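Chemist: Here is the input, now give the coordinates:
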Amino acid sequence: MCVFCKIAAGEIPAATLYEDEKFRVILDMAPVSAGHALIIPKNHIDNVFDAPEDILAAIFPLAKKIASAQKKGLGCDGINIVQNNGKSAGQTVFHLHVHSVPRFEDDGKKLSFKPDKTSEIDFAETAIDFAETARRIMEVMQ
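Modeler: Numbering: from 1, shown residues only. Model (predicted):
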């Protein structure tokens, strides 16, 4: 049983913000900022790829509810809602979960996706790469 399964089952204590039959929402024990919450399905699901549609349909409305409460209760300026899948994407606990991270102006925290630098010289090649990448993704969606 993974650590989030144990938390969801109440075997490991956690500061619970919300709970229903499908989810438990807790404060992160290693927060990026005060009020950083984790939305955890009670049933073990490794990642978004393994998640049943009903869980996916319910998790983001719940994230909105939590984010709204964080904004009102903490007076934060914004919220990062983040969900990572796989080690290379930053997933460290392999149980599906969504982070809701309160953000404040000038808090010094960074959530950064550094884009590749594209020069004018290789723009045409990049456009071809984009077209090929899009084709490969759309091909498997059909």
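
Chemist: so Lys71 is in which element?
Modeler: helix 53-74 (DSSP states H and E).

Chemist: Might you report the residue contacts of the residue positioned nearest the centre of the chain?
Modeler: In the chain, the centroid-proximal residue (C-alpha atoms, centre = their mean) is Gln83; its distance is 1.8 Å. The contact partners of Gln83, taken as C-beta atoms under 8 Å, 6 or more residues apart in numbering, are Val48, Leu96, His97, Val98, His99. For glycine as for every other residue, the C-beta is placed from the backbone atoms N, C-alpha and C.

Chemist: What of Val25?
Modeler: Counting by C-beta under 8 Å, 6+ apart, Val25 makes contact with Thr16, Leu17, Tyr18, Glu19, Ala37, Leu38, Ile39, Ile40, Leu62, Ile66.

Chemist: Identify the farthest-apart pair in the residues you listed.
Modeler: Maximum pairwise distance in the contacts of Val25, criterion C-beta to C-beta, is 13.4 Å, between Thr16 and Leu62.

Chemist: ok, back up a step: between the contacts of Gln83, which sits nearest Asp77?
Modeler: Scanning those for proximity to Asp77, where the rule is C-beta to C-beta, the winner is His99, at 17.1 Å.

Chemist: Name the nearest residue to the closest one, sequence neighbours excluded.
Modeler: Excluding the flanking residues, the one nearest His99 by C-beta to C-beta, 6 or more residues apart in numbering is Val82, at 4.4 Å.

Chemist: So what's the residue count around that neighbour?
Modeler: 15 (other C-beta atoms under 10 Å).

Chemist: Now do the contacts for it.
Modeler: Val98, His99, Val101, Leu111.

Chemist: Going by neighbour count, which of the residues you listed are buried?
Modeler: Neighbour counting over these (16 or more other C-beta atoms under 10 Å) leaves Val98, His99, Val101 as the buried ones.

Chemist: top of the contacts of Val25 by neighbour count?
Modeler: Highest count within these by other C-beta under 10 Å belongs to Ala37, 27 neighbours.
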